[in-house]
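Asks: give me a 3D structure for the following:
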Amino acid sequence: MRVSFILPVYKVEKYLAECVRSLLAQTYDDFEIILI
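Replies: Below is the predicted model:
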């Protein structure tokens with residue numbers, strides 16, 4: 001089952017890199033990251 005993470009990126013530049021790194025470090029690998 002594929003999971004989608006939808007992340008709003010308006011005015012969160014300070015946290016965005018850490019958030020994406022955290023998602024990429026997960027052991028579950030069938031997901032997509034959608035930045036809006």
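
Asks: tell me which residues touch Leu7, please.
Replies: Leu16, Cys19, Val20, Ile33, Ile34, Leu35, Ile36 (CB atoms under 8 Å, 6 or more residues apart in numbering). Heads up, the C-betas are built off the backbone N, CA and C, glycines and all.

Asks: can we see that at 6 Å?
Replies: By CB atoms under 6 Å, 6 or more residues apart in numbering, the contact set of Leu7 is Leu35.

Asks: and the pLDDT at it?
Replies: Looking at Leu7, its pLDDT stands at 96.

Asks: where do the strands sit along the protein?
Replies: All strands of the chain, identified by DSSP state E, fall at 3-7, 31-35.

Asks: parallel or antiparallel, which strands does the last one pair with?
Replies: Each strand pairing with strand 31-35, determined using DSSP bridges, is listed with its direction: strand 3-7 (parallel).

Asks: residues of the strand it pairs with that come out buried?
Replies: Buried residues in strand 3-7, counted by 16 or more other CB atoms under 10 Å: none are found.

Asks: dump the C-alpha coordinates for that strand into CSV.
Replies: Output in CSV follows, covering the C-alpha atoms of strand 3-7 (Å, rounded to 0.1, in the frame of the first residue of the first chain):
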residue,chain,number,x,y,z
VAL,A,3,1.3,6.2,1.4
SER,A,4,1.3,9.9,0.4
PHE,A,5,2.6,12.7,2.6
ILE,A,6,1.3,16.0,1.6
LEU,A,7,3.3,18.8,3.1
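
Asks: any chance of the strands of the chain in TSV, with distance to Leu24 too?
Replies: Listed next are the strands of the chain as TSV, based on distance: least, CB to CB, whole Å:
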stretch	distance to Leu24
strand 3-7	10
strand 31-35	8
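
Asks: out of those strands, which gets nearest to Ala25?
Replies: Proximity to Ala25 (CB to CB) singles out strand 31-35 among the strands of the chain, at 11.9 Å.

Asks: contacts for the closest one?
Replies: Val3, Ser4, Phe5, Ile6, Leu7, Val9, Leu23.

Asks: for the residues you listed, which two are the farthest from each other?
Replies: Val3 and Val9 (18.7 Å).
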